[in-house]
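In: Here is my input; please provide its structure:
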Amino acid sequence: MLLHMSTWAEIEQFLERSRTIVIPIGSNEQHGPIGLLGTDWMCPQIIAHQAQESADILIAPTFNIGMAQHHLGFAGTITLRPSTFIAAIEDWTRSLVTHGFEKIFFLNGHGGNIASIEAAFSQLYAHASFARQPAGFALKLSNWWDLEGVGALANRQFPTGHGIHATPSEIAVTQWAYPESIKSAAYTPQIANSGPIREAHDFRSRFPDGRMGSDPGQASVEKGGELVKLAAESLVRELEAFSRESAPLGPVSASTNNC
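Out: The predicted structure follows:
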């Protein structure tokens, strides 16, 4: 079930049977010569949308701009400041908690988001802790590539040249969902160099075509389909476990809706 394709009445009905919601979250940034700029938000969205086709889960609109300052040397990258990103996550969470959601699951597609998402979680929990009141909600972060079995499958599919950015696994996922948008390019070297991540000028100097340790030319629609199927199945299981966790203590009153 997709929140943006539902009415408010349908969401109220969903809340009668579940208090869990999934937020795909990622980034809009360069992904090498053939990777789509939306790769990091498209991958979690693709997987979450696939999962909801076979399970009674609710998917929020995708949070598609993240922490991508180091990619600003490449045209099309859009980024938020850490403070803006954290504040936006807090406001999304507060909005959902106000309606009665208690389990909020962020499915992430960008490694650069992790620290700031966790900082946002700490901020949200801190408000309740300082008020000496139960939060009334639980937050969970999972990267799509860390879902059960996904990393092992990617390692089998791409034993060499997987790398850490513009990887063949993430590009394969987008190729499966959008085969009409598949690109091609010649790479020199075939497997990109690796190194540290710092600011945008340094990144562009170290990684001139945007790849990091990867050979995205190995991606294929078939491999992407395998990854999406397994990730969607694993996501459903992880959501079921998260939903079964002990309910947050106490209802969220008007005084605690500000988290």
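
In: Please enumerate the helices of the stretch 151-259 of the chain.
Out: Assigned by DSSP state H, counting those that start in this stretch, the helices in the stretch 151-259 of the chain fall at 168-177, 200-206, 221-244.

In: Next, the angle from the first one to helix 221-244.
Out: By that I understand helix 168-177. 100 degrees (axes from the mean of the first three to the mean of the last three Cα atoms, to 10 degrees).

In: Tell me which residue lies nearest the centroid of this protein.
Out: Taking Cα atoms, centre = their mean, the centroid of the chain lies closest to residue 108, which sits 1.9 Å from it.

In: which ones are touching that one?
Out: 25, 26, 44, 114, 117, 141, 142, 143, 144 (Cβ atoms under 8 Å, 6 or more residues apart in numbering). In short, each C-beta sits where N, CA and C put it, glycine included.

In: hey, C-alpha coordinates of the helix or strand harbouring the third one in CSV?
Out: Read it as residue 44. Using DSSP states H and E, residue 44 sits in helix 39-52. This file holds the C-alpha atoms of helix 39-52, laid out as CSV (Å, rounded to 0.1, in the frame of the first residue of the first chain):
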residue,chain,number,x,y,z
THR,A,39,20.1,5.5,-8.0
ASP,A,40,20.4,5.9,-4.2
TRP,A,41,16.8,6.8,-3.7
MET,A,42,15.4,4.7,-6.5
CYS,A,43,16.9,1.4,-5.1
PRO,A,44,15.1,1.5,-1.7
GLN,A,45,11.9,2.7,-3.4
ILE,A,46,12.0,-0.1,-6.0
ILE,A,47,12.5,-2.7,-3.3
ALA,A,48,9.9,-1.3,-0.9
HIS,A,49,7.3,-1.0,-3.7
GLN,A,50,8.1,-4.6,-4.7
ALA,A,51,7.6,-5.8,-1.1
GLN,A,52,4.2,-4.1,-0.7
